[in-house]
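In: dropping the sequence and predicted coords here.
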There are 2 protein chains.
Amino acid sequence: MSVDQQHTVTFQPGDIVCEGVPHEANLLRVALLEGVHINASCGGTGGCGKCKVSMDSGDFEGGRSAKLSDEDFEAGLRLACRVKVMGDLTVTIPEESRMGDAVALTHERRPGPGRVLTAQDLEQLVEGWSVAPVVRKYLLELTAPDAANNINDLDRLKLGLKSQHKLEEVSVDFEVIKDLPSALREQDWSVTATVVETSRGPKVIQVTPGDLTSDDYSIALDIGTTSIYAQLLDLNSGRTLAEASDYNGQISYGEDVITRIVHARKPGGRKRLREAVVATINGVIGKVLEKTGIDSCQVSHMVAAGNTTMTHLLTGVDPAYIRVDPYVPAAAFLPPVRADSLGIDACGHVHLYTFPCIASYVGGDIVSGIVGSGVFQTEKVTLYIDIGTNGEVVVGNSEWLVATSCSAGPAFEGGGIKHGMRATRGAIEAVQVEPSTGEPHILTIGGRKALGICGSGIIDAVAELLEAGILEQNGKFNGEAESEWLRRDQDGRWEYVLVRDEFTASGVQDIVITEPDIDNLMRAKGAIFAGISTLLDSVGMEMDAVEQVYVAGGFGKYLQLDRAAAIGLFPEMDAERFTFVGNGSLLGARLVSFSRDMLAAAENVARMMTNIELSDNQRFMDEYMAALFFPHTNMKWFPRMEKILGKLK
Amino acid sequence: MSVDQQHTVTFQPGDIVCEGVPHEANLLRVALLEGVHINASCGGTGGCGKCKVSMDSGDFEGGRSAKLSDEDFEAGLRLACRVKVMGDLTVTIPEESRMGDAVALTHERRPGPGRVLTAQDLEQLVEGWSVAPVVRKYLLELTAPDAANNINDLDRLKLGLKSQHKLEEVSVDFEVIKDLPSALREQDWSVTATVVETSRGPKVIQVTPGDLTSDDYSIALDIGTTSIYAQLLDLNSGRTLAEASDYNGQISYGEDVITRIVHARKPGGRKRLREAVVATINGVIGKVLEKTGIDSCQVSHMVAAGNTTMTHLLTGVDPAYIRVDPYVPAAAFLPPVRADSLGIDACGHVHLYTFPCIASYVGGDIVSGIVGSGVFQTEKVTLYIDIGTNGEVVVGNSEWLVATSCSAGPAFEGGGIKHGMRATRGAIEAVQVEPSTGEPHILTIGGRKALGICGSGIIDAVAELLEAGILEQNGKFNGEAESEWLRRDQDGRWEYVLVRDEFTASGVQDIVITEPDIDNLMRAKGAIFAGISTLLDSVGMEMDAVEQVYVAGGFGKYLQLDRAAAIGLFPEMDAERFTFVGNGSLLGARLVSFSRDMLAAAENVARMMTNIELSDNQRFMDEYMAALFFPHTNMKWFPRMEKILGKLK
Ligand code: FES
Ligand code: FES
């Protein structure tokens, strides 16, 4: 059974049909994401017993915990939070698990989810390329020298590349020449030459005895400020063989790029930071090699995409002026560098290609994403958004591209939020608020006891609280809303309880949302929305000119489009225009590993993309001030929310 | 007083005028080289007292030893071997110091010496070039970035090189990029960029704050099997600032290239040999820097010329197949390599350029010599000969060049000769034999007690013994010659005594020449003469087509043209056609340091030069057999010797 197989789940009452449900999906999650209310106080741990549903027909697994009585089990009831969807299902939500007639209502007002692509879809975002890597292995069958033809080994190699593979004006790395005589003779003048296509012509970087052309691999890397992802690629078949990831070891020197740049200025700091990220890279490379049993010397190439600071720090380039007005990186295009010279566990011939950067805060990860998602090929005006600590926004198509970065702050990654955390196990990723009582229903990642709330969870919570009338559009709690979950803390400040202490991982402290949390979120979403509108304005466009939106980054994985629009992160748009591309940076690195044309495309993207600096941009400041409201002071792009909020008044 | 000042010395009786005598020349040496006989048994140490002359007029210094009586001194007599020529001189050789009427006779039959060039002459052998090194420093005055112009530092540097120095499509070394931000800002955006012109465009290899363009130096190296020479060059003025030399530290692993190649195959051998030669290089570089007070980081470039094996060993390239039929080097053209990667004490940006080689036994030293001596520019058919362990011979001009190497064996360097030694202090460098008595008169290098005999000494001795009728043309002693210096050893084999034990350094053993010594010399000179004639034959020419002869190598320094012709090393030719260019290899390395055009010329020479392999060449074998006779079985090119030898019969 394919991992990509999808099922249909029908909720009763109300005939709410959810299509495209992934195999083994969590049933409570399916309901929450679809806007179907099911009571859930414990985050989906099986601990509250509130999420009981009746399994009418279809394949599923699980659904039991100590909180489900034998009678309920016999009667066909299960805990939705513990059910895995294994086939098409019909499920009835009993009255005790519902919030009145909310089921039908909720579903009607929800737009469908954006397009979340399968691994295969993602690999097909870009068209018209074939596997023709910038680094390739060639088999050479040379004739042994004799008195009549005793040219030197190096020229013999070059002549062979010319006559057998039409490679002209080849240069040969010094390290190859050193041991060329024995390499050529070991297997009777049959050798495999690894050749990289450089901007200055083809260059031989390795010569090994015998035919090793069938073993040719590349490693694609996404060097995030927080996480590092690696893919092992087969350059012959064009297949992705293995994937691994880990936290960037630089985190211990600071969470964001600014603190790392500050650290880099300390004595030995730059070296420490390089070694830290290289240690993580070596770890993930080790994992993908171990998974596949491939030897590191069969890897011919590495391609890394990262933001400007990460690219500088990985390659040991001084990042000091990235953070100093007027924000100048040391370099945009770096030449390929020997991977082992950086400390990466790689054979001496392997060079690391790093994606070119655009500016201090629009880096190689964005260029990579634009290539990997196919934005550079499309005629449609596309908005490409990568949300992390900085939100990077690109608008354009195959003809033009403008980019900017908005200092959104870390709210979307859980930073600056009282109980905020990254989107890892135990993080509240989805929240529903029962409109009549203001009761929260939550789901945590992995169905663990709640540890805190991540970016998508806080967006959900704020959107739901707005729609329930518990939160005002200015970001302040409505003290007149009647809900036992809205309360004052000991200092008299309003807060909203998401999870009672008994259902939290700590067991002793409620998880709450505070007004400062909401304020941080408002500034974060305001910066991104203002960035989008300023960027569009710079090319004389309005929001409705955007024909499609690509959302990249791990953040997008849990993001609900309508919730994001409800708080004003994006304008309201048809869900069909949205595509979640996941790790766009890694997509591009993978593509560039496989195709020299795509490498050329990346360099072309980097040259054509214009950076708009927002830091002293008056238009941006105006847009930002207007965006400090939920969803926005100007409701033009938020008709659905205008209607909902209008009804509340 | 210039070191190059020359004097005229007139010998009486006979009015023998020697022009062009260098300042401070040794008077005995002047006489010997001119063919003027003065008795001298002790090698010029002042020990035998036989070389008394009367100083009639002119400036001189010295001339006294314990062997000169007060009466003789008062009478104006001096020991010629202790006299330094300080001005024009007239000298009378008294009868007791003469050998009958040999003075006049000898001088008449001598051709003049070949052209020995002064340092300045040597620098002017090549025409039409100016100082425009392949590595150059450029001053850049950049403007600081601001919000309106915040391109990255690297692109700012490139734009500056383009607008201020018209350098297009520049690449920048990764190491430069790493610290570019601080380098640019340290002196307020004023920097010196060091740029190397590569085959693939200009490349920035160093960026330093401020204006350092006036400090720009190069080091030219001659990497000989036996000795290493270094010159420190000022790339701004085109001047040679200092010179140093030392024995190649690889000597402890073998005297010749073959034993070194054998050693290189041992575990760790290649590395040991590289480290040995690099240690010597670091020593001579240290010396030239110390002499001038120049810092190693002001050196921008290094250029090395060496034979094929030396070039391989210096750069760590496997030389194994150089000595295996069909004699294939790993490479002819090596890319420039970071000097510090080889262990050379140099700043990280300094690259070592090695001269291209032609074949296993015609190396970069020969290419360098052809460039440095101007052979590549001349219309005249030129014979270029570099005599060491291998004799390399080139024939050609600006249009064509053919080259070969003849396994001459080490006789010219004193190898395979019973009392043979290199041309260092204490070596007998010149020999005269008094025809009537067969008595030898000798001069040692440095006027020290004789330690042995070097290449030019043994050539002299053999030529003199032939002309005195003591040696037969077949290389056997004439047992019927009456001379107390010709004797049988205890095993009954003939030998000729050059120095009695009392005048040798050992003090206990006579220095002699044996028939096996003479046999080795015959084979050595035969190989070179046969190489020359085979090479000429390969282009359809005879000896008389040669318009000029350039003799390179330290060996040439002490070589007497007429003595070399007397044994048949060269054909008899007008002395005017001969030029001694000294260290041709170093001349070329110097030139290529100064001029990128000359570097291009070197590569062109390497491409146009054809190697003729002699090892299984029948024509060469025939020529070689014919040359195993003094001076040759065919006397066509030796009319003078034919006459002299005819008289003896
Ligand atoms: S038991 Fe399922 S949500 Fe609590
Ligand atoms: S003293 Fe002058 S040669 Fe012996």
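Out: Received it, and whenever you're ready, just let me know what you need. Ligands and ions are numbered 1, 2, ... in the order given.
In: lowest average confidence, helix or strand, in chain A?
Out: Using mean pLDDT, DSSP states H and E, helix A:102-109 stands out as the lowest-scoring helix or strand of chain A, at a mean of 43.
In: for whichever strand or helix holds A:E623, packing partners?
Out: For A:E623, the element it lies in under DSSP states H and E is helix A:618-626. Using 3 or more CB pairs under 8 Å, 6 or more residues apart in numbering or on different chains; DSSP states H and E as the contact test, the elements touching helix A:618-626 are helix A:515-538. Heads up, the C-betas are built off the backbone N, CA and C, glycines and all.
In: whichever helix or strand comes after the helix it packs on - what's its average pLDDT?
Out: Counting by DSSP H and E, the element after helix A:515-538 in chain order, helix or strand, is strand A:548-552. Averaged across strand A:548-552, the pLDDT comes to 93.
In: any idea of the angle strand A:548-552 forms with helix A:515-538?
Out: With axes from the mean of the first three to the mean of the last three CA atoms, to 10 degrees defining the directions, strand A:548-552 sits at 130 degrees from helix A:515-538.
In: elements contacting the helix or strand just after strand A:548-552?
Out: Later in the chain than strand A:548-552, the nearest helix or strand by DSSP H and E is helix A:561-567. Helix A:561-567 is packed against helix A:455-467, helix A:515-538, helix A:639-648, with contacts defined by 3+ CB pairs under 8 Å, 6+ apart.
In: same thing but at 7 Å, please
Out: Packing partners of helix A:561-567 (3 or more CB pairs under 7 Å, 6 or more residues apart in numbering or on different chains; DSSP states H and E): helix A:455-467.
In: so what touches the helix it packs on?
Out: With contact meaning CB atoms under 7 Å, 6 or more residues apart in numbering or on different chains, helix A:455-467 is reached by A:412-414, A:417, A:420, A:423, A:427-433, A:471, A:496, A:498, A:513, A:517-518, A:521, A:555, A:558-560, A:563-564, A:566-567, A:569, A:630, A:644.
In: what's the local residue count around A:S190?
Out: A count of nearby residues for A:S190, using other CB atoms under 10 Å in any protein chain shown, gives 14.
In: next, count neighbours for the residue nearest to it when sequence neighbours are not counted.
Out: Using CB to CB, 6 or more residues apart in numbering or on different chains and skipping residues adjacent in sequence, the residue nearest A:S190 is A:E141, 5.3 Å away. Counted by other CB under 10 Å, the residues lying close to A:E141 total 12.
In: confidence score at A:E141?
Out: At A:E141, the model reports a pLDDT of 97.
In: correct me, but it touches A:D188?
Out: No. Counting by CB atoms under 7 Å, A:D188 is not a contact partner of A:E141; they are 9.2 Å apart.
In: and A:V288, that's in a strand?
Out: No. Per DSSP: H, G, I helix; E, B strand; the rest coil, A:V288 lies outside any strand segment and is helix.
In: contact partners for it?
Out: Listed by CB under 7 Å, 6+ apart, the contact set of A:V288 reads A:230, A:232, A:242-244.
In: ok, 8 Å please
Out: A:219, A:230-232, A:241-244 (CB atoms under 8 Å, 6 or more residues apart in numbering or on different chains).
In: quickly find the element holding A:M302.
Out: Following DSSP H and E, one finds A:M302 within strand A:299-306.
In: elements contacting the next helix or strand after that strand?
Out: Sequence-wise, the next helix or strand downstream of strand A:299-306 (DSSP H and E) is helix A:308-315. Helices and strands touching helix A:308-315, as assessed by 3+ CB pairs under 8 Å, 6+ apart, comprise strand A:217-223, helix A:257-264, helix A:269-292, strand A:299-306, strand A:351-354, helix A:364-372.
In: hey, which of those is tucked in deepest?
Out: A comparison of the helices and strands packed on helix A:308-315 by mean neighbour count, using mean count of other CB atoms under 10 Å in any protein chain shown, puts helix A:364-372 on top with a mean of 32.
In: now check it, is it near chain B?
Out: No. Using CB under 8 Å from any CB of the partner chain, helix A:364-372 stays clear of chain B, with a minimum separation of 12.5 Å.
In: okay, the angle between that helix and strand A:299-306?
Out: Angle of helix A:364-372 versus strand A:299-306, following the same axes, to 10 degrees, is 110 degrees.
In: what is the mean pLDDT for helix A:364-372?
Out: Taken as a whole, helix A:364-372 carries a mean pLDDT of 97.
In: what sits up against the helix or strand just after it?
Out: The element immediately downstream of helix A:364-372 (helix or strand, assigned by DSSP H and E) is strand A:382-387. Residues external to strand A:382-387 that are found in contact with it (CB under 8 Å, 6+ apart): A:365-366, A:369-370, A:373, A:375, A:391-397, A:408, A:412, A:455, A:528, A:532, A:546-553, A:555-556, A:570, A:584-585.
In: quick one: average confidence on strand A:382-387?
Out: Averaged across strand A:382-387, the pLDDT comes to 93.
In: burial measure for A:L125, as a count.
Out: Using other CB under 10 Å, A:L125 has 20 other residues around it.
In: ok, it to A:P22 distance?
Out: Distance of A:L125 to A:P22, computed by CB to CB, to the nearest Å: 19 Å.
In: one more: A:E255?
Out: Separation of A:E255 from A:P22 (CB to CB): 32 Å.
In: at the geometric centre of chain A, which residue do we find?
Out: By CA atoms, centre = their mean, the mean C-alpha position of chain A lies nearest to A:G553, the distance being 2.1 Å.
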